[in-house]
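J.: I would like to see how this sequence folds:
(one chain, ligands or ions: 2)
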Amino acid sequence: MSKTVRLILGDQLNSNHSWFKTTDDSVTYVMMEIRSETDYAKHHIQKVVGFFAAMQAFYFDLKAKKHQLIYMYLNDEDNLQSFDRNIKSLISKHKFTHFEYQLPDEFRVDEVLKELCKSSEISSSVIDSEHFFTSRNELEHFFEGKKTFVMENFYRMLRKKHDVLMEGDQPLTGKWNYDSENRKKLPKNHKPTPPLVFSNDVSKVLEQINTTDIKTIGNIDAVNFVWPINRAQSLQLLDFFLAECLHLFGSFQDAMTPNEWSLYHSRLSFSMNLKMISPQEVIDKAMKEWESRPNEIEYNQLEGFVRQIIGWREYMRGIYWLKMPEYSSMNFFNNQEKLPDWFWTGNTKMNCLKDAINQSLNFAYAHHIQRLMITGNFALLAGIDPDEIDAWYLGIYIDAIEWVEITNTRGMSQFADGGIVGTKPYVSSAAYIDKMSHYCGSCFYKKELKTGGKSCPFNSLYWNFYDKNEGKLAKNPRIGMMYNVWRKMKPEAKVALLEQADYYLKKINEL
Ligand code: FAD
Ligand code: SF4
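T.: Ligands and ions are numbered 1, 2, ... in the order given. Just a heads-up that it's a prediction; the model follows:
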């Protein structure tokens, strides 16, 4: 009799996958908590706990639906702590005759499983994870023969192909892009809607982890774990977002303010990246919500949200599969510096960084503009080695899985790919941070000062960055203007800025 073993990875918790449409006595599913996954980065404790809690919930759900399953807990005696060793051992123990898996999203895991199939004595097959709008190679085909990979073009093609916000072959309302109407600062006395948080008791999962020597970062309240750990909670979070946040999503997408960790963001990335919910259902529900509240939700809010999911998310995945593994070692600026110690503690006098890092340590979350224009911006201005930055982002965020982490970090944020993802580096001085946030007013440093012990470090580091990288950037048409300003500056002003930057870089751990 044929006996099939099907592997379900920790980020493949898709209960609507065709695998689960019927039960079959000849099929056994296997899920495993393993050290190769806990140890490839120093993860936030909430990330490790969140993954294991969601995997366990998925296991019990499938079990209740009468599927046959094996679940390997972290400390099980027969757990050999890697996919290939565990699968090989299960094949020999249970006499499986066929091995199946869903296409992994990570290059690393993909390689391990391909190798396992090659070396295994039984037959094997692989099936799509049935989650994304696009296939792995769709972006590669779309941009074939092109020198640049413009996200907007890919986004428009997907809107047409999947008939999202379209009227025939034209965009609904006649306009594709509403960025210029979005991205406002929060008004001074505006009180954002408090986020919906869960109170999951995950203390048993944490106890297991605490018996091992797994190295983690960050804080956790294990009896009030705030993240959704199953599909029902993920849908609840989606409903909350649609009811309470969508109407201001676009407007305040880039806004930042102290002690408000999520503003009008959805916090759905963890649920989506683990596939507890699909991007299709998120977009379908968002469109229905907009249709049902035409006077409350403006179109630009909806388009801003749809763009992130059908645009950026699918685009980043396509770039990942097109450019890996080379992508993981790209370092366009040849940056070599170490990450400052305070990235791991939040202990800095710079208000914007203190807030973004402390919130990341407390919630394993920062919203996009904090990741891009606060921590990412500083790291690039300070010339930090992209390997160090990647390791930090891959560890600290609950939604960090390499396909979407590395493309955003090395690509969008650090320009280490030399302009595959972005057309210019995302860097700024204090002016932009002050424009979009309420951080500067109460900061030890002064946003308007460019030099001196109280000058905002972003100001001198900004010009130092352009000066240092002139050979690589001056010809970029999107930055030429900055070099005109720099060249016109008085020589003594330039020297003072560069000396200030040099001083700050030497004292980086004390900033
Ligand atoms: P919202 O602001 O509510 O956006 C809705 C959804 O759109 C998100 O859930 C996400 O699925 C998608 N989305 C938005 N922006 C992007 C983007 N740039 N790329 C891909 N999808 C996007 N996202 C991750 O999921 N994992 C990561 O590890 C990750 N690392 C990042 C590192 C850096 C340096 C930067 C600048 C961005 C990173 N992002 C990452 C993208 C983005 O910041 C997060 O998806 C977002 O902050 C998640 O919060 P949210 O669900 O509240 O998003
Ligand atoms: Fe950040 Fe500079 Fe503003 Fe302080 S003054 S919050 S360091 S941008």
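J.: which parts of this protein sit against ligand 1?
T.: If contacts are counted using CB under 6 Å from any ligand atom, the residues of the chain sitting beside ligand 1 are 265-269, 272-273, 308-309, 312-313, 316, 367-368, 371-372, 376, 393, 397, 399-400, 404-405, 408-409, 412-413. Quick note: C-beta positions are derived from backbone N, CA and C, even for glycine.
J.: what about burial for the residues you listed, which qualify?
T.: For those, burial is judged from neighbour counts taken by 16 or more other CB atoms under 10 Å, and it is met by 265-269, 272-273, 308-309, 312-313, 316, 367-368, 371-372, 376, 393, 397, 399-400, 404-405, 408-409, 412-413.
J.: what's the spacing between Ile91 and Glu100?
T.: 12 Å (CB to CB, to the nearest Å).
J.: shared neighbours of those two, anything?
T.: Listed as contacting both Ile91 and Glu100 by CB atoms under 8 Å, 6 or more residues apart in numbering are Val5.
J.: what packs against whichever helix in the chain runs longest?
T.: If you go by DSSP state H, the chain has its longest helix at helix 45-64. Contacts of helix 45-64 with other secondary structure elements, assessed using 3 or more CB pairs under 8 Å, 6 or more residues apart in numbering; DSSP states H and E, are made with strand 27-32, strand 68-72, helix 203-210.
J.: same question for that helix, mean pLDDT?
T.: On average, the pLDDT along helix 45-64 is 98.
J.: what do you get for stretch 242-260?
T.: If you average the per-residue pLDDT over stretch 242-260, you get 95.
J.: gap between that stretch and the chain center?
T.: Mean-position distance between stretch 242-260 and its chain equals 18 Å (CA atoms, centre = their mean, to the nearest Å).
J.: is ligand 2 contacted by it?
T.: No. With CB under 6 Å from any ligand atom as the threshold, stretch 242-260 lies outside contact range of ligand 2, at a closest distance of 9.3 Å.
J.: so how far is the first residue of that stretch from its last?
T.: According to CA to CA, to the nearest Å, stretch 242-260 extends 19 Å from its N-terminal end residue to its C-terminal end residue.
J.: how far away is the residue nearest to Val197 when sequence neighbours are not counted from His368?
T.: Nearest residue to Val197, sequence neighbours excluded (CB to CB, 6 or more residues apart in numbering): Val226, at 3.9 Å. Separation of Val226 from His368 (CB to CB): 19 Å.
J.: please apply the same query to Met256.
T.: Relative to His368, Met256 is positioned 10 Å away (CB to CB).
J.: same question, Cys245
T.: Distance, Cys245 to His368, using CB to CB: 14 Å.
J.: same question, Ser460
T.: 26 Å.
J.: what do you get for Ile297?
T.: 20 Å.
J.: sorry, back to before: give me the number of residues near the residue nearest to Val197?
T.: 21 (other CB atoms under 10 Å).
J.: surely it touches Pro194?
T.: No. Taking contacts as CB atoms under 8 Å, Val226 lies outside contact range of Pro194: 11.9 Å.
J.: surely Tyr264 touches Leu242?
T.: No. The pair Tyr264 and Leu242 fails to qualify as a contact (CB under 8 Å) at a distance of 11.5 Å.
J.: can you list the domains in the protein?
T.: If the domains of the chain are taken from automatic domain parsing, they occupy 4-127, 138-193+245-323, 341-510, with pieces of a single domain joined by a plus sign.
J.: end to end, how far does the last one reach?
T.: Distances were taken as CA to CA; on that basis the terminal residues of domain 341-510 are 9 Å apart.
J.: nearest to His43, out of the helices and strands packed on helix 45-64?
T.: Smallest distance to His43 across the helices and strands packed on helix 45-64 (CB to CB): 10.2 Å, for helix 203-210.
J.: give me the contact list for the closest one.
T.: Outside of helix 203-210, the residues that reach it under the criterion CB under 8 Å, 6+ apart are 38, 45, 48-49, 52-53, 56, 73-75, 216, 220, 222-223.
J.: quick one: which of these has the most company?
T.: When neighbours are counted by other CB under 10 Å, Val49 leads the contacts of helix 203-210 with 26 neighbours.
J.: which ones are touching it?
T.: Here Val49 is in contact with Val202, Val205, Leu206, Ile209, Ile220, Ala222, Phe225 (criterion: CB under 8 Å, 6+ apart).
J.: show the contacting residues for the closest residue to Thr28 other than its chain neighbours.
T.: Distances taken as CB to CB, 6+ apart place Gln68 nearest to Thr28, at 4.6 Å, with adjacent residues excluded. The contact partners of Gln68, by CB under 8 Å, 6+ apart, come to Thr23, Asp25, Val27, Thr28, Tyr29.
J.: and of these, the nearest to Ile283?
T.: Closest approach to Ile283 among those (CB to CB): Tyr29, at 28.6 Å.
J.: neighbours around the residue in the stretch 1-150 of the chain that ligand 1 sits nearest to, how many?
T.: When distances are taken as CB to the nearest ligand atom, the stretch 1-150 of the chain approaches ligand 1 most closely through Lys47, which lies 9.9 Å from it. Using other CB under 10 Å, the number of residues around Lys47 comes to 26.
J.: over to Ser18?
T.: A total of 10 residues lie near Ser18 under the criterion other CB under 10 Å.
J.: give me the distance between it and ligand 2.
T.: Ser18 sits at a distance of 49 Å from ligand 2 (criterion: CB to the nearest ligand atom, to the nearest Å).
J.: same question for Asn210.
T.: When CB to the nearest ligand atom is applied, the distance between Asn210 and ligand 2 equals 36 Å.
J.: going forward, the N-terminal residue is numbered 324.
T.: Right, with 324 as the first residue, what we last looked at is Asn533.
J.: just give the number of residues close to that residue.
T.: Asn533 has 12 neighbouring residues, counting by other CB under 10 Å.
J.: worst-scoring helix or strand of the chain, pLDDT-wise?
T.: Within the chain, judged by mean pLDDT, DSSP states H and E, the helix or strand with the poorest mean is helix 803-811; its value is a mean of 91.
J.: helix or strand next in line after that helix, which one?
T.: Read in the C-terminal direction, the helix or strand following helix 803-811 is helix 814-829, with elements assigned using DSSP states H and E.
J.: other SSEs contacting that following helix?
T.: With contacts defined as 3+ CB pairs under 8 Å, 6+ apart, helix 814-829 has these neighbours: helix 780-791.
J.: which outside residues touch the helix it packs on?
T.: The list of residues contacting helix 780-791 from outside it, by CB under 8 Å, 6+ apart, reads 673, 700-701, 703-706, 748, 750-753, 756, 768, 770, 772-774, 796, 802, 805-806, 809, 817, 820-821, 823-825, 827-828, 834.
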